[in-house]
Every structure is written in structure tokens, then in C-alpha cells.
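Q: could you look at this predicted model? Sequence included:
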Amino acid sequence: MGSLGVLLGAFLTAAIIPTVSSKTGLNATYGETITIPCNNGDNQPADLVFTKWKYTTKDGVSEDLLVKQSQKDEAKITAPDSYRARISISADSSLLIQSGTLQDENVFTCIVVTVANLKEYPVDVYVHKRPSAPEFRNKARRLEDGKLMPLGECVALNANPPAEITWVKNNKTLVADDKTIVIKTSVTKDPVSSLSTTTSGLQYMAGKQDMTSKFACVVKHVTGSDQVSAPESFSIHYPTENMSLQVLSAAHIREGDDVTLKCQADGNPPPTSFNFHFKGKTVSVTDSDVYTLTNVSRADSGEYKCSLLNNDNMGASATVTVTYLDLSLSPSGKVLKKFGESLEVKLEKNASSEATVSWTKDNGKLDKLPHFSPLTYKHAGLYTCAASADGIERTAFFDLVVEGTPVIKSLTKESSKDGKKKVLVCVAEGAPEPEVQWSVNGTHNKVPYAGGFTTYKLTIVPSTNLTVTCTVSNKLGVNSRDIDVSSVFKEDSEGRTDNEGDKAAVIVGVVVGLVVLAALGGIVYCLYMRRRQGTWKTAEKELGNSEESKKLEENNHRP
């Protein structure tokens with residue numbers, strides 16, 4: 001549209017009474033780009049002539065910023081120097097201000113000019129700046145019991161609007177009473193950036209109970225969640241009034257452990273030297289509040305006491321209990337027994353409290369120990385007893401080996417799937433694992449040895465009837481058994497004879513069938529010939545001489 005559009009816009013602006021919408025508010029972030037929407041982003045009228053942005057300061061000073069006609073035209077910037085390099089307009093006519101500052105807290109107005117209307121959409125911009133993390137300054141070196149003293153200052157730098165600061169002790173808010181708690185807060189503004197810094201000072205009357213107290217300041221701001229300073233603790237000076245003795249160890253002290261005793265006094269500065277009393281002895285330690293007992297035994301159980309080095313009447317005591325667990329298993333280690341014998345297992349335990357006992361066999365859990373009378377090969381295995389009491393665990397074990405002479409439990413035979421081989425199965429029981437020998441050669445196969453049982457399979461192709469012997473042996477003895485095996489070739493021959501008979505029967509049946517068919521054919525042929533012969537005679541009669549015909553005709557007409 002060019003300059004013509006600008007002139008037309010000026011004419012319309014002068015001729016049309018503007019419609020001003022209610023002012024809306026916008027919270028922007030300091031240092032970031034401020035996006036100010038025109039009519040909440042809805043600025044696409046069909047008869048749009050141009051869009052114009054201006055601003056009005058808090059002092060009432062108004063300045064134009066830019067004008068844009070069609071979407072294709074570049075915006076014409078008329079802003080003063082403070083905005084010229086920082087402003088632009090987006091596709092939806094929003095005003096963009098880079099690197100927002102507190103000087104941008106103005107009323108920005110979007111003017112939308114159409115052929116028939118002129119509308120203004122003012123937006124009040126507020127620029128927020130989140131304060132930096134709170135800083136704990138001028139921390140007191142120590143506090144006196146019962147005396148009001150400066151504890152420290154909390155500072156929240158560079159915020160807008162100014163931050164609020166509260167004080168907490170052990171996460172609970174402190175409320176000023178001008179006696180035991182005094183809080184003074186001040187706010188200063190930076191002359192260049194106009195950002196505010198809030199400083200809060202705390203005076204506090206401490207007591208000896210504040211030895212473990214944690215103090216912190218909390219910064220509250222409209223920009224988000226509260227910021228909390230790192231908690232600070234303070235040394236409170238007061239004389240010793242109470243003492244305690246701690247046993248620094250695990251929940252249960254076991255024989256062989258080292259036990260550390262720690263003597264604590266509530267005075268401050270704390271005492272640095274103590275006496276430790278136990279079993280009729282006294283041990284003095286200086287520049288330390290601990291004493292360590294090494295490699296304790298059950299005999300070290302009892303009451304222990306600590307006191308001030310110069311005052312045995314100011315002290316504390318604690319009880320030390322050393323836990324223990326003794327476990328004895330009979331038999332133990334490797335145990336060799338014979339098949340059919342009996343075994344008695346005895347377990348003895350002695351503990352500082354009731355012990356819990358569990359059993360496993362070859363790492364598998366047992367509900368209870370089996371009855372070993374009489375012993376079988378299934379009883380063999382590694383038996384482990386685990387006992388526990390007061391955090392102590394003890395284990396004991398015995399490895400039971402059951403031996404016996406080998407016995408053949410069964411010797412059977414079966415045919416292979418194709419019927420061309422014989423499979424002999426010899427099942428033996430014994431320990432150590434029996435070895436097998438066959439009286440004939442063949443393909444040998446073995447099932448894994450388990451529970452004292454082993455299975456040997458032999459695949460053979462016997463050409464004649466024979467007797468096969470399975471012999472099993474170990475270091476304790478030998479056992480043999482025989483089995484009769486028939487020839488697979490004889491069975492094949494018998495099978496073939498039957499087949500030949502079947503074939504002969506089939507052939508005879510076929511021959512008889514053919515003979516019957518031949519006879520039937522002859523009969524049919526004879527009947528056919530006889531019928532044909534009668535036909536021939538009739539024809540001959542019909543084809544006789546004329547004289548014979550006449551005679552026949554005369555004879556037929558005689559009365």
C-alpha cells in the first residue's frame with residue numbers, strides 16, 4: 001500500500017472514533033524477550049488497513065513505536081532510541097521487546113485500524129525479576145546461653161518486586177517479640193537497574209537446647225517457590241550439666257568386634273578429657289571423648305561408665321552386651337557309610353538368645369533332617385546346618401557318602417523302531433558308580449548316574465540266537481545277569497515266508513477269477529451264435545423260390 005496506505009490510515013484515524021478495550025495485565029521476566037499480544041493474539045480482520053503500537057509511561061508520556069500495514073510489508077519503526085533496537089512485530093501482530101528491563105513497565109497499546117473501525121487494546125506490563133539465592137552473612141561465631149545476640153543477616157539480591165525474608169529454626173518460622181527474637185528488614189534499590197535488594201538481620205537469645213538447632217532464612221517472591229538458605233548451626237556456650245555414654249556399634253555386639261564408647265557432655269565449650277570406668281579399672285583419655293575396646297568376648301559384657309576428668313561425680317553409664325553363638329555338629333566333614341546302615345546326627349548350640357536353625361541338602365532347603373535308618377543311596381549328599389542369633393551366623397556341615405555293592409535291578413530287551421536292532425537295557429544300583437561290561441559288542445549308551453542308579457543301554461544286531469550277559473562292578477563287588485536274544489534275521493525270514501504265501505493266494509485268486517470270466521464269456525458267445533442262427537433261417541425262408549412261396553400260400557388258403 002505504501003505511502004497511500006499511510007495517508008488512508010491517517011484519514012481513517014482522524015475520521016473514526018476509536019474503541020478502547022479494557023486494559024489487561026502482563027507479567028514479563030527480566031532479561032527475557034517480552035511478548036505483548038494484540039487483542040490476545042486475535043488480529044486478523046479481513047479489512048485490516050494497518051496495525052500500530054505505542055506506549056505510555058507511568059508518568060503519562062506517550063510515544064509511538066511502530067506501524068505495519070499488510071502482512072507482506074515491513075514494519076516502520078518510529079520508536080525512541082531506548083526501544084528502536086529492541087522491538088519488532090510478529091505475524092500475529094504481537095509486540096516483541098528483547099532483553100526486558102524495569103524501564104519496560106509501561107502501558108503498551110495496540111491500535112488496529114480497519115476500513116470501518118479503529119480499536120485500541122492497552123496492556124499493562126510488569127517486569128518481574130527473581131532474586132538471587134539467599135546469602136547468609138555476618139554469621140555469629142558463638143552464642144551465649146540466655147543472652148540476646150546478633151545471629152546473622154540474610155540478603156536477597158536484585159529482585160522486582162522486592163523479596164520478602166523470614167527466619168526459621170528447625171524449619172519453624174521465628175516470630176519477632178522484641179525480647180528473645182528481634183528482626184530488622186531493609187530494602188535498597190539499585191540506581192541503574194532499579195532492582196531491589198532485601199536485607200534482614202536476626203538477633204536471637206539462645207539456650208543450651210539450641211546446640212543442635214538449625215537456622216535458615218526463607219526468601220519469598222511472586223516469581224515462584226520459596227528459596228531457602230543452607231541451614232546454619234551455632235555453638236552455644238554453657239557449663240556442663242548433663243552427660244551421656246554412647247556405645248558406638250552395630251545393633252548387636254559380637255565376640256571379636258571392636259566396641260567404641262563415646263562420652264558426651266552438654267557443656268560448651270565441651271570437655272576434652274574423660275575417665276572411663278569398667279570391670280574395676282579406670283582409663284583416662286585426653287583430647288578425646290572416645291575409648292575403644294578391641295576384640296571383645298562374652299566376658300566383657302557389663303556396665304561401663306564415663307566421668308569428667310576432674311569430677312567423678314559428674315558422669316554417665318551404659319550397658320554393653322556381647323552376643324555369642326556356639327555350634328557343634330556330629331558327625332562333621334566327610335562321612336562314609338554303607339548301604340543299609342544307620343546314622344545318628346547330633347547338633348549342639350549355645351547362644352546369647354534363642355537361635356534359629358535351618359538345614360539344606362546340596363543347597364536345597366530341607367523342612368527337617370531326614371531319618372537316616374536305614375541309609376539309602378538317596379541319603380547321600382552335602383548337609384549344611386545354618387544357625388543365627390542376634391546377628392551372628394554359624395554354619396556346620398557333613399558330606400555323607402553311602403557306598404554299596406552293585407546290584408542289577410533289571411535287564412530287559414526291546415526292538416528298535418525299525419525292527420532291525422535289539423536294545424538291551426541294564427539298570428544297576430550301587431555306589432561308587434558301577435561300571436558295566438557286556439558279553440557282546442554293540443552301540444553303548446548311558447543315562448546319567450543319580451540317586452545310586454545308573455542305566456546302560458546296548459544296541460546290537462544279532463545274526464543268531466544268543467545269550468547276553470550284563471556285568472556291573474565297583475570296588476565293593478560284582479553282579480551279573482543273562483538275557484536270551486533271538487536273531488533279527490530269522491524274524492525277517494519268517495516275515496518274508498508269510499508274505500510269499502500271501503502273494504501265492506492272491507495269484508490263485510486272480511487265476512480262478514480269470515477262469516470264471518472265460519467260462520462266462522463262452523456261455524455268452526454260444527447264446528449269441530444261437531440267436532444269430534435263427535435269424536439266418538428266417539431270412540432264408542423269406543428269400544426262397546417263388547414256387548415254394550406259392551405252395552405255401554395255397555396251403556394257407558385251403559379250407
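A: Received it, and whenever you're ready, just let me know what you need. Numbers count the residues shown, from 1 in each chain.

Q: backbone dihedrals for Gly41, please?
A: Gly41 has phi and psi values of phi 90, psi 0 when expressed as degrees, to the nearest 10.

Q: for the closest residue to it other than its chain neighbours, give its distance to Cys38.
A: Excluding its sequence neighbours, the residue lying closest to Gly41 (CB to CB, 6 or more residues apart in numbering) is Asp92, at 5.0 Å. Any C-beta I mention is one placed from the backbone N, CA and C, and that applies to glycine too. Summarising the geometry, the distance separating Asp92 from Cys38, computed by CB to CB, to the nearest Å, is 7 Å.

Q: which of those two has more neighbours?
A: With neighbours defined as other CB atoms under 10 Å, Asp92 and Cys38 compare such that Cys38 has more, 24 against 14.

Q: bridging residues for Lys76?
A: Per DSSP bridges, residues listed as beta-bridge partners of Lys76: Val67.

Q: ok, now Gly25?
A: Asp124.

Q: returning to what we had before: wait, isn't the residue nearest to Gly41 in contact with Asn39?
A: No. Judged on CB atoms under 8 Å, Asp92 makes no contact with Asn39 at a distance of 9.4 Å.

Q: give me the number of residues near Thr101?
A: What Thr101 shows, counting by other CB under 10 Å, is a neighbour count of 19.

Q: wait, what's in contact with Ser473?
A: 406, 434-435, 437, 479 (CB atoms under 8 Å, 6 or more residues apart in numbering).

Q: so which of those belong to strands?
A: Restricting those to those inside strands, with DSSP state E as the criterion, leaves 406, 435, 437, 479.

Q: out of the residues you listed, which is most surrounded?
A: For those, the largest number of neighbours (other CB under 10 Å) sits with Pro406, at 25 neighbours.

Q: quick check: it vs Thr471, distance?
A: For Pro406, the distance to Thr471 (CB to CB) stands at 9 Å.

Q: what touches both of those two?
A: Taking CB under 8 Å, 6+ apart as the contact criterion, the residues that touch both Pro406 and Thr471 are 478-479.

Q: quickly list what Lys457 is bridged to.
A: The bridge-partner assignment for Lys457, based on DSSP bridges, gives Val425, Asn445.

Q: right, and it touches Lys421 too?
A: No. Counting by CB under 8 Å, Lys457 does not reach Lys421; the two are 11.2 Å apart.

Q: residues contacting the residue nearest to Gly41?
A: Residues in contact with Asp92 (CB under 8 Å, 6+ apart) are 37-38, 41, 43-44.

Q: and if you look at Val187?
A: Contacts here follow CB under 8 Å, 6+ apart; on that basis Val187 touches 162, 196-199.

Q: name the member of the residues you listed with the most neighbours.
A: Neighbour-wise, the contacts of Val187 (other CB under 10 Å) top out at Thr198, 22 neighbours.

Q: low-confidence ranges in this structure?
A: Across the chain, the ranges flagged by pLDDT under 70 are 1-16, 490-559.

Q: tell me which stretches of it form helices.
A: When secondary structure is read from DSSP state H, the chain shows helices at 2-15, 81-84, 488-542, 546-557.

Q: and this protein, split by domain according to the record?
A: Each domain of the chain is listed here as a residue range: 2-128, 135-237, 243-323, 403-489, per automatic domain parsing.

Q: and the end-to-end length of the second one?
A: This points to domain 135-237. The first residue of domain 135-237 is 26 Å away from its last residue (CA to CA, to the nearest Å).

Q: off-centre distance for it?
A: For domain 135-237, the gap between its own C-alpha mean and the chain's C-alpha mean amounts to 44 Å (CA atoms, centre = their mean, to the nearest Å).

Q: how about the first one?
A: Average the C-alpha atoms of domain 2-128, do the same for its chain, and the two points are 55 Å apart (CA atoms, centre = their mean).

Q: do the same with the last one
A: Distance of domain 403-489 from the chain centroid (CA atoms, centre = their mean) equals 53 Å.

Q: ends of that domain, how far apart?
A: Taking CA to CA as the measure, domain 403-489 stretches 43 Å from start to finish.

Q: next, the contact list for Thr286, please.
A: Applying CB under 8 Å, 6+ apart, the residues near Thr286 are 272-273, 309.

Q: got JSON lines for the contacts of Asp92, with distance to Ile181 too?
A: Shown next, in JSON lines, are the contacts of Asp92 (distance: CB to CB, whole Å):
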{"residue": "Pro37", "distance to Ile181": "48"}
{"residue": "Cys38", "distance to Ile181": "52"}
{"residue": "Gly41", "distance to Ile181": "51"}
{"residue": "Asn43", "distance to Ile181": "56"}
{"residue": "Gln44", "distance to Ile181": "60"}
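
Q: having no further points to raise, I will conclude here.
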